[in-house]
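Asker: I'll drop the sequence and a predicted model, then ask my questions.
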Amino acid sequence: MTRPKPKTFDDLPLFAAEASLAEVVMGAGKTSEWCQFAALLEPRGLPKIDALMGGRYRPAVKAFFDKEYGLSTVAPRTVPDGSEKLGTWSSKKDRVRRV
């Protein structure tokens, strides 16, 4: 009988749920521990759950751990630049301040 192959970061969707990240980072059945650790790691740069997408941005989570363990010198962006308001985009011309 063969064992199932463990999941990797590459097996996850772009915005991964906590249970999926927990399995990849810590192993199966560790979701509650992951949630506790994630809350402690967010102030250090672990990406937060994206409210629009409903998960953490997987490449940034991997980049966070690579940086934590000295495998990268590039810091991941940890927070989106602001709340998105879909359908409210205006052209650059509309945003230019007239003097």
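Answerer: Structure received.
Asker: may I ask which helix or strand of this protein has the lowest mean pLDDT?
Answerer: When the helices and strands of the chain are scored by mean pLDDT, DSSP states H and E, helix 92-95 comes last with a mean of 61.
Asker: poorly predicted segments of the protein, please.
Answerer: 1, 3, 73-82, 84, 90-99 (pLDDT under 70).
Asker: okay, now stretch 34-54: how far is its last residue from its first?
Answerer: In stretch 34-54, first residue to last residue: 17 Å (Cα to Cα, to the nearest Å).
Asker: may I see the buried residues of that stretch?
Answerer: For stretch 34-54, the neighbour count (16 or more other Cβ atoms under 10 Å) marks W34, A38, L41, E42, G45, L46, P47, I49 as buried. For the C-beta atoms, the positions are set from N, CA and C on the backbone; glycine is no exception.
Asker: and F65, that's in a strand?
Answerer: No: when classified by DSSP: H, G, I helix; E, B strand; the rest coil, F65 is found to be helix rather than part of a strand.
Asker: quick one: the buried residues of stretch 34-54 as JSON lines, columns for secondary structure and distance to P4 too.
Answerer: Converted to JSON lines, these look like this (DSSP: H, G, I helix; E, B strand; the rest coil; distance: Cβ to Cβ, whole Å):
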{"residue": "W34", "secondary structure": "helix", "distance to P4": "20"}
{"residue": "A38", "secondary structure": "helix", "distance to P4": "25"}
{"residue": "L41", "secondary structure": "helix", "distance to P4": "27"}
{"residue": "E42", "secondary structure": "helix", "distance to P4": "30"}
{"residue": "G45", "secondary structure": "coil", "distance to P4": "32"}
{"residue": "L46", "secondary structure": "coil", "distance to P4": "27"}
{"residue": "P47", "secondary structure": "coil", "distance to P4": "28"}
{"residue": "I49", "secondary structure": "coil", "distance to P4": "27"}
